[in-house]
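In: sequence and predicted model, in that order:
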Amino acid sequence: MASKSTNPVAQGPDATVVKEQKIPLTKVLAPIVVSVFSAYLTIGIALGALPPLIKNELKFDTFIVGIVVGLQFLATLLTRAYAGKITDTLGAKISNHRGIFLVLIAGVFYIIGSSAVHFPLIALGILILSRIIHGISESMMVTGALTWGIGLVGPHKSGKVMTWNGISMYAGIAIGAPLSMWLGNRFGTGVPFLLILALSGISWLSTAKLPTLEVDPTHIRTPFYKVIGKVSDQGLALAFSSLGFACIASFIALLFAEKNWDNASLGFICFGGFYILTRILFSSFPDKYGGYKVALVSFVIEIIGQLLIGFSHSGWMAIVGCALTGIGFSLVFPSLGVLAIKKVTPHMRGTALGAYSAFFDLSLGLAGPIAGIIAGWFSYQSIYIFGAVGGMLAILVLVMRKNSHE
């Protein structure tokens, strides 16, 4: 007799229990991937549209740009535990759809903020509120999507769910940023934010017919803070290595503008494109060769990419650096994640991955303001030296912590 899913489907009096093998992977994965991709397109759109809006139209400096950009990631960090609680107590579908609704709200505030350019302080305040809402939405939406997908297809297929969610996330950012630049240059800086409203609707509709997951009232949740210490080695390495991605996301467009280089959007496209390609072609490497080895090689490639941008003499050299950063950064999360989940028992893996991901959020939240200060003191290219140093620190943490445990 076929066994039921760990989290059987039934979230309400009329819902039915769905067994794992009754739902093919593609029927679950396709709508969730579309939903996540649409939601992360909105994040990419904001990343591409906000820096020129704040710098060129509102006339604030690079430190403020970094603060506003980084606020979303900080909000995501601070609501990771809350999103996990909502997912566990109310259900993955509710968490996911509440997150998508908040994307819609963030889009409305982006539009209002971009329309108030004649009142810079008011506009900035509205944009800050938008970033906070967008960060909360990301935390709830992606936590719900991952838990939902894994619950419907079963834990034995969780790797595929996480891999394709990761691809759709970075594809959304990689496409959304240059798309918003193109729309902003052609039609005005406020136009890209209109897309956020449509994309939130697409994200919600794509998963509306998926079955829900029953909440397990007997499950005892492990406190979030207790797991952080167990995965801190991998978390710190992840945090340092994420600086390069944060620098590209926040400031690559301003670097190209400062240098009068063309094709700034290619930096985002190459980063995201090579990130996705590397994940598709080499996603089995962490399991095959071990997370430690793959992470070290990834750090080295990422460092080379950051240094290329930092010392570039042309736009094309910087674009190659973005591509190498994408290749190097692609397998960092799964490589270190493989090491992190080995430190906990199976029933704590979800909490461990949440704590581990929090280091990534913290890195992105702090990197923007720090990079903005560095740009103000030195230059935009200096930011990518900072990113390379982050990669070197990641290697140092991984090697030293490994040796200390041997």
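Out: Good, I have the coordinates.
In: I'd say Phe109 and Ile132 touch.
Out: No: assessed by C-beta atoms under 8 Å, Phe109 is found out of contact with Ile132, at 9.5 Å. (Glycine included, C-beta is placed from N, CA and C.)
In: need phi/psi at the most centrally placed residue in the chain.
Out: Nearest to the mean C-alpha position of the chain, counting by C-alpha atoms, centre = their mean, stands Met169 at 6.3 Å. Here is the backbone geometry of Met169 (degrees, to the nearest 10): phi -60, psi -50.
In: one more: Phe378?
Out: Taking degrees, to the nearest 10, you get phi -120, psi -90 for the backbone angles of Phe378.
In: what is the neighbour count of it?
Out: Burial of Phe378, expressed as a neighbour count using other C-beta atoms under 10 Å, amounts to 12.
In: and Ala198, by the same measure?
Out: Here the neighbour count serves as a burial measure; for Ala198 (other C-beta under 10 Å) it reads 14.
In: and for Gly188?
Out: The criterion is other C-beta under 10 Å. On that basis, Gly188 has 11 neighbouring residues.
In: distance check, it against Pro52.
Out: Between Gly188 and Pro52 the distance is 11 Å, computed by C-beta to C-beta, to the nearest Å.
In: same question for Gln381.
Out: 18 Å.
In: Leu339 now?
Out: 39 Å.
In: and for Val161?
Out: Using C-beta to C-beta, Val161 is found at 36 Å from Pro52.
In: one more: Gly321?
Out: In this view, Gly321 and Pro52 are 21 Å apart by C-beta to C-beta.
In: also Gln306?
Out: Counting by C-beta to C-beta - Gln306 and Pro52 are separated by 23 Å.
In: look at those two and report which has more neighbours.
Out: Between Gln306 and Pro52, counted using other C-beta under 10 Å, Gln306 has the larger neighbour count: 31 against 20.
In: show me the domain layout of the protein.
Out: Domain assignment for the chain, taken from automatic domain parsing, gives 21-215, 222-406.
In: can I get those domains in CSV including mean pLDDT?
Out: Output for the domains of the chain, formatted as CSV (pLDDT from 0 to 100):
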stretch, mean pLDDT
domain 21-215, 85
domain 222-406, 84
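In: now do the buried residues in stretch 179-190.
Out: By neighbour count with 16 or more other C-beta atoms under 10 Å, stretch 179-190 contains the buried residues Leu179, Ser180, Met181, Leu183, Gly184, Thr189, Gly190.
In: the longest helix in this structure is where?
Out: Looking across the chain with DSSP state H, the single longest helix is helix 120-153.
In: just checking, what packs against that one?
Out: Applying 3 or more C-beta pairs under 8 Å, 6 or more residues apart in numbering; DSSP states H and E, we find helix 120-153 packed against helix 25-52, helix 62-78, helix 80-90, helix 92-114, helix 158-187, helix 191-207.
In: which residues touch the closest residue to Ala264 other than its chain neighbours?
Out: The shortest distance from Ala264 to any residue other than its chain neighbours is 3.6 Å, reached at Phe256 (C-beta to C-beta, 6 or more residues apart in numbering). Listed by C-beta atoms under 8 Å, 6 or more residues apart in numbering, the contact partners of Phe256 are Asp262, Asn263, Ala264, Gly267, Gly315, Ala318.
In: wait, the fourth one sits on Ser250?
Out: No: contact status for Gly267 versus Ser250: not in contact, 11.9 Å apart, counting by C-beta under 8 Å.
In: beyond the host helix or strand of Leu238, next helix or strand please.
Out: Here Leu238 sits within helix 232-241, counting by DSSP states H and E. Where DSSP H and E defines the elements, the next helix or strand beyond helix 232-241 is helix 243-259.
In: can I get the next helix or strand after that following helix in PDB? Just the C-alpha atoms.
Out: Towards the C-terminus, the helix or strand next in line after helix 243-259, according to DSSP H and E, is helix 264-282. Once non-C-alpha atoms are left out, helix 264-282 reads as follows in PDB (Å, rounded to 0.1, in the frame of the first residue of the first chain):
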ATOM      1  CA  ALA A 264      25.700  47.400 -18.100                       C
ATOM      2  CA  SER A 265      22.700  45.100 -18.300                       C
ATOM      3  CA  LEU A 266      25.000  42.400 -19.700                       C
ATOM      4  CA  GLY A 267      26.700  42.200 -16.300                       C
ATOM      5  CA  PHE A 268      23.500  41.100 -14.700                       C
ATOM      6  CA  ILE A 269      22.700  38.800 -17.600                       C
ATOM      7  CA  CYS A 270      26.100  37.100 -17.600                       C
ATOM      8  CA  PHE A 271      26.200  36.700 -13.800                       C
ATOM      9  CA  GLY A 272      22.700  35.100 -13.800                       C
ATOM     10  CA  GLY A 273      23.200  33.100 -17.000                       C
ATOM     11  CA  PHE A 274      26.400  31.500 -15.900                       C
ATOM     12  CA  TYR A 275      25.100  31.000 -12.400                       C
ATOM     13  CA  ILE A 276      22.200  29.000 -13.900                       C
ATOM     14  CA  LEU A 277      24.200  27.100 -16.400                       C
ATOM     15  CA  THR A 278      26.700  26.000 -13.800                       C
ATOM     16  CA  ARG A 279      23.900  24.800 -11.500                       C
ATOM     17  CA  ILE A 280      22.400  22.800 -14.300                       C
ATOM     18  CA  LEU A 281      25.600  21.200 -15.500                       C
ATOM     19  CA  PHE A 282      27.400  20.600 -12.200                       C
END
